[in-house]
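A.B. asks: Got a predicted model here, sequence first, then my questions.
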Amino acid sequence: MSPAKDPAVALPRTRKQRKRLKRKVKIKAKRRAQKKKNLKEKENVTPLVKKYWLQRYDLFSKYDVGIKLDEEGWFSVTPEEIAAWQARRCAGAGVVIDAFAGVGGNAIQFAKVRNSVVNPLACRHVIAVEIDTHKVALALHNAKIYGVQDHIDFIVGDFFQLAPFLKGDVVFLSPPWGGPSYKAKENFTLDLLKPKDGYSLFKVAQAITPNIIMYLPRNIDVLQASELSWLSSPPLDIEVEENFVRGYSKGITIYFGDTAFS
């Protein structure tokens with residue numbers, strides 16, 4: 001039997017069959033290119049962040065579209081599922097201030113919820129503060145991928161110096177935890193936060209608004225962190241929430257003021 005008549009090698013004869021074959025070829029080529037890209041990226045991933053690279057789609061669902069992170073960003077960005085939930089808790093807020101924006105994980109979700117027709121009362125604008133100029137560039141790049149760059153004001157600067165000049169309805173605090181080594185602490189206390197202790201950080205945020213959200217390590221001393229509510233008179237309403245992704249505990253979110261459920 002000639003190759004042309006062999007059903008195993010014969011080309012599709014109809015136009016519809018040819019289109020279907022071309023589509024399959026394109027899909028396979030795209031998958032090969034993506035696999036090659038992922039392998040190249042994996043080669044550039046340092047041993048410190050290898051584990052986080054494996055969780056890249058939990059950090060950014062649009063990672064393959066071109067998301068960029070620096071080394072610190074890999075282990076400091078809030079997983080997207082958690083960031084989205086924290087953003088939904090800000091319904092009704094006019095302006096949300098992200099005091100330690102990093103590579104933009106939380107700021108993007110605050111702005112994304114703002115554009116949601118499901119929740120038109122969500123925050124109208126986001127002020128993202130970050131002292132590292134390189135991280136700001138990465139955050140802006142990532143915000144463009146999610147299409148929310150026009151709803152975020154990125155400010156390069158120190159939150160502690162800028163705070164007296166900032167106005168907002170909610171302040172989101174996710175300060176550096178000191179890197180992956182935070183896990184070695186049996187009881188993570190507020191004084192281990194960077195660049196200043198949790199009490200100092202909370203007081204600065206409180207001067208802007210009593211509506212504060214703090215994202216802290218899963219091994220945080222919850223009782224100590226809860227005592228921050230007593231820095232106000234009368235004490236602020238408070239809610240403590242443990243956050244999970246795929247069944248694994250990732251952190252503790254504490255809501256103060258109007259962000260806490262009654």
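C.D. replies: Nice, I can see it. Numbering: from 1, shown residues only.
A.B. asks: What are the boundaries of the helices in the stretch 101-250 of the chain?
C.D. replies: Taking DSSP state H, counting those that start in this stretch as the test, the helices found in the stretch 101-250 of the chain are 105-114, 133-146, 159-162, 198-206, 222-226.
A.B. asks: Just say which of the ones you listed is most tucked in.
C.D. replies: helix 105-114 (a mean of 27; mean count of other C-beta atoms under 10 Å). Every C-beta, even on glycine, is put in place using the N, C-alpha and C of the backbone.
A.B. asks: What mean pLDDT does it get?
C.D. replies: Averaging pLDDT along helix 105-114 yields 90.
A.B. asks: Quick one: distance of that helix to the chain centre.
C.D. replies: 8 Å (C-alpha atoms, centre = their mean, to the nearest Å).
A.B. asks: just stretch 196-210 next, same as before
C.D. replies: In terms of C-alpha atoms, centre = their mean, the centre of stretch 196-210 is found 21 Å from the chain centre.
A.B. asks: Distance across that stretch, terminal residue to terminal residue?
C.D. replies: Chord length of stretch 196-210, first to last residue, is 19 Å (C-alpha to C-alpha, to the nearest Å).
A.B. asks: Give me the contact list for it.
C.D. replies: Identification of contacts with stretch 196-210 by C-beta atoms under 8 Å, 6 or more residues apart in numbering yields 97, 99, 159-160, 163-164, 166-171, 173, 175, 190-191, 193, 212, 214, 216, 225, 228, 231-232, 236, 256-258.
A.B. asks: Of those, keep whichever come out buried.
C.D. replies: 97, 99, 159, 163, 166, 168-171, 173, 175, 190, 193, 212, 214, 216, 225, 228, 236, 256-258 (16 or more other C-beta atoms under 10 Å).
A.B. asks: I'd like the helices of the stretch 101-250 of the chain written out as CSV, with distance to Thr46 added.
C.D. replies: Listed next are the helices of the stretch 101-250 of the chain as CSV, based on distance: least, C-beta to C-beta, whole Å:
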stretch, distance to Thr46
helix 105-114, 19
helix 133-146, 16
helix 159-162, 27
helix 198-206, 29
helix 222-226, 31
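A.B. asks: hey, least reliable of those helices by pLDDT?
C.D. replies: Taking the mean pLDDT of the helices of the stretch 101-250 of the chain, helix 105-114 comes last: a mean of 90.
A.B. asks: how far away is His151 from Ala163?
C.D. replies: When distance is defined by C-beta to C-beta, to the nearest Å, His151 is 22 Å away from Ala163.
A.B. asks: my bad, should have said Glu241
C.D. replies: Glu241 is 25 Å from Ala163, by C-beta to C-beta.
A.B. asks: and Asp70, how many residues sit next to it?
C.D. replies: 15 (other C-beta atoms under 10 Å).
A.B. asks: Please disregard the earlier target; I meant Ile82.
C.D. replies: Ile82 is flanked by 21 other residues according to other C-beta under 10 Å.
A.B. asks: who does the helix or strand encompassing it touch, helix- and strand-wise?
C.D. replies: Element membership for Ile82, per DSSP states H and E: helix 80-88. With contacts defined as 3 or more C-beta pairs under 8 Å, 6 or more residues apart in numbering; DSSP states H and E, helix 80-88 has these neighbours: helix 56-59, helix 105-114, strand 212-216, strand 238-245, strand 248-256.
A.B. asks: any idea of the angle the fourth one forms with strand 212-216?
C.D. replies: Translated: strand 238-245. Orientation of strand 238-245 against strand 212-216 (axes from the mean of the first three to the mean of the last three C-alpha atoms, to 10 degrees) gives an angle of 40 degrees.
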